[in-house]
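> here is the input, now give the coordinates:
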Amino acid sequence: MKLVFATHNPSKLKEIQQLVPPYIELVSLDMIGCTTDIPETAITLEGNAKIKANFITNTYQLPCFADDTGLILDSLNGEPGVYSARYAGLENDSNANMDKLLVNLRNKKNRDAYFNTVIALNLNGKTHIFEGRIDGKIIETKKGNNGFGYDPIFQPNGYEETFAQLPLSIKNEISHRALAFKKLTTYLNSINDK
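Next up, the predicted model:
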């Protein structure tokens, strides 16, 4: 089965390819010729995931899933949240986003944070929602070269390393995205077994 993952990000595609069942041919937006920058105009992660999945399903008539992820800090009233990718501007610049977050946390004692991923899967005329969450904290300086986004400053609870320092094999076990995608792949396996 060909299944579109609504992303242009090769790192995300690589991460998820290791999680999906072997009967699924996972393809990115680039691989189906979609160069459209799909606007994420919803005020929730679920809303943005649905917008992206619906655009692909309606435009290309292909089963599709899309995710949206937010980094949420109570000490910043939920920021960056749904605006995580564009926190420092529309350029989606990870370093600028991290720098802005570190500046905004400068006088905060509470650095607790969590990542939340929401996946919208459009398959067989229905939309299915899957979520994953991991708690941790924001450290004061960037550490590590793996991963993407806020990974160099996010330290998951129970670990001394940031997401950017952990091997991908460990991150794929514990991350918000991994937890959401495990729910997705469990569902995909269950329908394949029928």
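
> contacts for the least confident helix or strand in the chain by mean pLDDT?
The least trusted helix or strand in the chain, going by mean pLDDT, DSSP states H and E, turns out to be helix 10-17, with a mean of 81. The set of residues external to helix 10-17 that reach it, using Cβ atoms under 8 Å, 6 or more residues apart in numbering, is 5, 7, 26, 28, 147, 148, 168, 171, 172, 177, 181. The C-beta positions use only the backbone N, C-alpha and C, and glycine is treated the same way.

> for the following helix or strand past that helix, which strands pair with it and how are they oriented?
Next helix or strand after helix 10-17 toward the C-terminus (DSSP states H and E): strand 25-27. Strand 25-27 pairs in its sheet with strand 2-5 (parallel), by DSSP bridges.

> so residue 128 belongs to a helix, correct?
No - counting by DSSP: H, G, I helix; E, B strand; the rest coil, residue 128 is located in no helix; its state is strand.

> where does pLDDT dip in the chain?
Low-confidence segments of the chain (pLDDT under 70): 192-194.

> so which residues of it form helices?
Along the chain, counting by DSSP state H, helices occupy 10-17, 45-60, 94-104, 168-174, 176-192.

> quick one: which of the contacts of helix 10-17 is nearest residue 162?
Residue 162 lies nearest to residue 147 out of those, by Cβ to Cβ, at 8.1 Å.
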